[in-house]
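Enquirer: build me a model:
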Amino acid sequence: MPTATLSVAPFLSTTGAPKGDNMSKKCAILIMGIFLSRQISADVTSDGSVGTQVTTGPHFEISHGLQEKTNLFHSFSDFSIGSQESATFTKQGIKTPASIRNILARVTGGKPSDIFGQINSEFGGANLYLMNPHGILFGEKASLNVQGSFHATTADYLRLGKDAFFYAELSKDSHFISAAPAAFGFLSNNPASITIKGENVGEDVDIKVPTGKMLSVIGGDIEIEDRVLYAPSGRINLAAVGSEGEVELTEGNLVVNASQKGEIRISHPAEEYPTVIVDDEPIFLGYNAKGEAVYATYANLDVSNYHGTTDAGQIFIQGGEFFVEGAGIFADVYQNGEDSQEKTNASINIAIDGDITLVDNAVITTNSETQKNSGDITITAKNMTFHQTQEFGDESGSFVDDYLGIISTDRFGPGTAGDINIKLTDSLDLNPGAILSTAQSYNVEGNGGNIHIDAREVTLQNAGMIRVETFGENAGNITIHATEKISLLHTDTVQDIPSGISASTSEESIGEGGNIYLETPNLILDAGKISAFSDGSGNAGSITITAASHVSLTNASGITTEAENAGGGNITFNVRDSLKLFDGSRITAETRGDKSQDTGGNITISNPAIFTLDNSRLLANAYAGNGGRIDINTRQPNVLGDSRIDVSSELGLNGQFRLNSVKLRNELLSPPPKILSTQELWSNRCARMTREKLGRFLVIGRDALPPGPGDPQTSPYVAEDEEYNFFPSFPDFFWQGSPETNEFRTRFALYS
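Expert: Predicted coordinates for the structure are as follows:
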């Protein structure tokens, strides 16, 4: 890349040396001079190779050229436009201008193209290709006024059809045929960059194409700062190439055939996005947690449809590294007209060979306010990291509103929220950040979307969250496969919000809660939460955890299903080595519904070699319905300290607790020694106790084993305030309930 192009980036970048650095200020002054000199020397001149003619500026009119049926070829030695200048591709000298479908313009003089003014085209519907292998810069006032698609590239050639080439180098033999461009070709291992910069986000000078058209930036490294690329209901393509190869634009994909990829950086340093205005009105999205109205804002990449009469568009991004700072990538559709179609073509597809980094309010989102579903988001990379460089949030604010990075598919109308699919060869780190799929319309048809994540390691820190939620019908599901571990660590210290994975329904929802599926060798929760919650009329979702090695909960962590007005979900553990809870942690499947069918959920713990409950809780409670069931199959259970296992119901029947173990530790079958010494448990001691000297010793369960000859015997006296009854006809079971109705409760009280 030429030196002049390189020297602009430090002047405009917000990620360089710290503010106040004297050297940076000196460099900025020097670079400003270079920057201004490039504007002053702007020029558009023909190289004479294909008959292109250009008038003198400041408003350059481009005519003639070489026409081959539907293709029009132009060739320039220089192509740069100043801030008060323009360049217009005219119909003058063209025999059949109405037949032109593609305008192919190359720059051969060896200088980068600096575009600070406007590029116009008089050819209705014709696509414009601008190719300069020495670099392209779109500056502050750069804009487009073309009727077709626009493609900016630093490729060395355009492939026409299967085997014809239009080269940017005059010494190579080009083919001037009517076949449409099929690929962008690169012949070096260091393709020149494309830079798009400015301070006019949301104004009419944004880089945009007409509705339904395509906007492409295809070159080496790509940097977009404080500018909007806008293709309403169309398609945006970003491809950064770092070696020889070709980039193909297919109907449903962006194909990069190159061994190395370049870096893509998208940033919006300003603190706020300007609001989108359509027909003199802002686009209303809803209300945040503080009750404040939320409106659509401009993004750096935008294929949204703000009128609702057509579909949103597609975004395809491919590169070696992808960095997004305070920027937005939107594929949204908003209500402003009739639209009954359910399916959408809207989507965001990001394929990066290396790392993706989202910093400081970076947003990747597909929303729908119409009957259409919101689009899907598909991301592949090596690593993906969310983090912040500045303070955010306060004790009264909405935490999500202040998030540094969000990937979301939201549905505000009767459609279904889109799915989020993330596939990483290494790690996902939300520190913090949010991955959300939400259906936000109340009491209407439409489900929440699903989230599917594949990685080696998934880490949520400092209130990082992965969440599916619905305010209407069913919530979506969350599925995470991590080949090494999943970690939920630490709590946000400002608002006391833990890192969490959740599937929930709101109070107004009428559907079922979403399910959570986690598969990993190691699951670590340190002040983390995994929850499936229902606040509506549907049951809570279930949680299934498969761990080849260990599951650990510490520092008041929780894995819970909960239903306020319905039945509880189930929690299932398939663990090989150990499942351990410490420090006030809990696994619960509870309900608070007031109907008899609102039963507690079930907790199943299968096959860990060691199960430890240390000052923690294992609960399957209910209010009006029956309690749930807890089943534990383990070789060694350890219940220590002030722990509790409970399957009780406030109004219904208690549930069941079953323990299947080849080794029962003393801690499970007796109170702590400081309360009652085992030496005092004589075989007939309990039977001799009087009502005035009753103590209480709870045997939670020992399956179907009969009392041993040395075990404590039951007292004939029962405390008046206790609801537990002993049925001598069932001496081999620790049941409580009614033998006449065959309804039993498994918690049984032995008094001594």
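Enquirer: who's in contact with Thr561?
Expert: By CB atoms under 8 Å, 6 or more residues apart in numbering, Thr561 lies in contact with 513, 531-533, 540-543, 568-571, 588-590, 601. Heads up, the C-betas are built off the backbone N, CA and C, glycines and all.
Enquirer: what helix or strand does the nearest residue to Gly262 once chain neighbours are set aside sit in?
Expert: Leaving aside its chain neighbours, Gly262 sits nearest to Ala240 (3.2 Å; criterion: CB to CB, 6 or more residues apart in numbering). Assigned by DSSP states H and E, Ala240 belongs to strand 235-240.
Enquirer: domains of this structure?
Expert: Per the record, the chain has its domains at 1-41, 43-267, 539-669, 672-752, by automatic domain parsing.
Enquirer: mean pLDDT for the ones you listed: which is lowest?
Expert: Looking at these, the lowest mean pLDDT belongs to domain 1-41 (a mean of 36).
Enquirer: three-state assignment of the nearest residue to Val44 once chain neighbours are set aside?
Expert: Spatially, and ignoring its direct neighbours in sequence, Val44 is nearest to Phe60 (4.2 Å; CB to CB, 6+ apart). Secondary structure, DSSP: H, G, I helix; E, B strand; the rest coil: Phe60 is strand.
Enquirer: what comes into contact with the strand holding Ala240?
Expert: 184, 213-222, 229, 247, 249, 254, 256, 261-264, 301-303, 313-320.
Enquirer: one more time with 7 Å
Expert: 214-222, 229, 247, 249, 254, 256, 261-264, 301, 303, 313-320 (CB atoms under 7 Å, 6 or more residues apart in numbering).
Enquirer: in strands only, show me the residues you listed.
Expert: The members of the contacts of strand 235-240 that map onto strands under DSSP state E are 214-219, 222, 229, 247, 249, 254, 256, 263-264, 301, 314-319.
Enquirer: which residues does Lys580 contact?
Expert: Per CB under 7 Å, 6+ apart, neighbours of Lys580: Ser552, Thr612.
Enquirer: then Ala327?
Expert: By CB under 7 Å, 6+ apart, the neighbours of Ala327 are Ile266, Ser267, His268, Ala299, Asn300, Ala362.
Enquirer: and the first one, what element?
Expert: I take that to be Ile266. strand 263-267.
Enquirer: got the buried residues for that strand?
Expert: Glu263, Ile264, Arg265, Ile266, Ser267 (16 or more other CB atoms under 10 Å).
Enquirer: likewise stretch 106-116?
Expert: So, applying 16+ other CB under 10 Å, buried residues of stretch 106-116: Arg106, Val107, Thr108, Gly109, Lys111, Pro112, Ser113, Asp114, Ile115, Phe116.
Enquirer: reformat those residues as TSV; add secondary structure.
Expert: Below are the buried residues of stretch 106-116 laid out as TSV (three-state DSSP):
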residue	secondary structure
Arg106	strand
Val107	strand
Thr108	coil
Gly109	coil
Lys111	coil
Pro112	coil
Ser113	strand
Asp114	strand
Ile115	strand
Phe116	coil
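Enquirer: if we can go back for a sec, got the CA coordinates for the strand holding Ala240 in PDB?
Expert: The C-alpha coordinates for strand 235-240 follow below in PDB (Å, rounded to 0.1, in the frame of the first residue of the first chain):
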ATOM      1  CA  ARG A 235     -26.700  -6.900   0.300                       C
ATOM      2  CA  ILE A 236     -23.400  -5.700   1.700                       C
ATOM      3  CA  ASN A 237     -20.200  -7.700   1.000                       C
ATOM      4  CA  LEU A 238     -16.900  -7.200   2.800                       C
ATOM      5  CA  ALA A 239     -14.000  -9.400   1.900                       C
ATOM      6  CA  ALA A 240     -10.400  -8.800   3.100                       C
END
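Enquirer: partners of it, with directions?
Expert: The strands beside strand 235-240 in its sheet (DSSP bridges) come out as strand 214-219 (parallel), strand 314-319 (parallel).
Enquirer: give me the phi and psi for Ser99.
Expert: Ser99 adopts backbone torsions of phi -90, psi -10, taken as degrees, to the nearest 10.
Enquirer: roughly how far apart are it and Ala182?
Expert: Applying CB to CB, to the nearest Å, the value for Ser99 to Ala182 is 20 Å.
Enquirer: residue contacts, the nearest residue in space to Gly375 that is not next to it in sequence?
Expert: Nearest non-adjacent residue to Gly375, counting by CB to CB, 6+ apart: Ala346, 3.2 Å away. By CB under 7 Å, 6+ apart, the residues touching Ala346 are Asp311, Ala312, Gly313, Gln314, Ala331, Val333, Thr366, Ser374, Gly375.
Enquirer: show me the contacts for the fifth one.
Expert: The contact partners of Ala331, by CB under 7 Å, 6+ apart, come to Val303, Ser304, Ala312, Gly313, Gln314, Ile315, Ala346, Ser347, Ile348, Thr366, Gly375.
Enquirer: quick one: the helices in the protein, in order.
Expert: Applying DSSP state H to the chain gives helices spanning 3-12, 22-40, 666-669, 685-688.
Enquirer: where's the residue nearest to Gly262 relative to Ile571, distance?
Expert: 44 Å.
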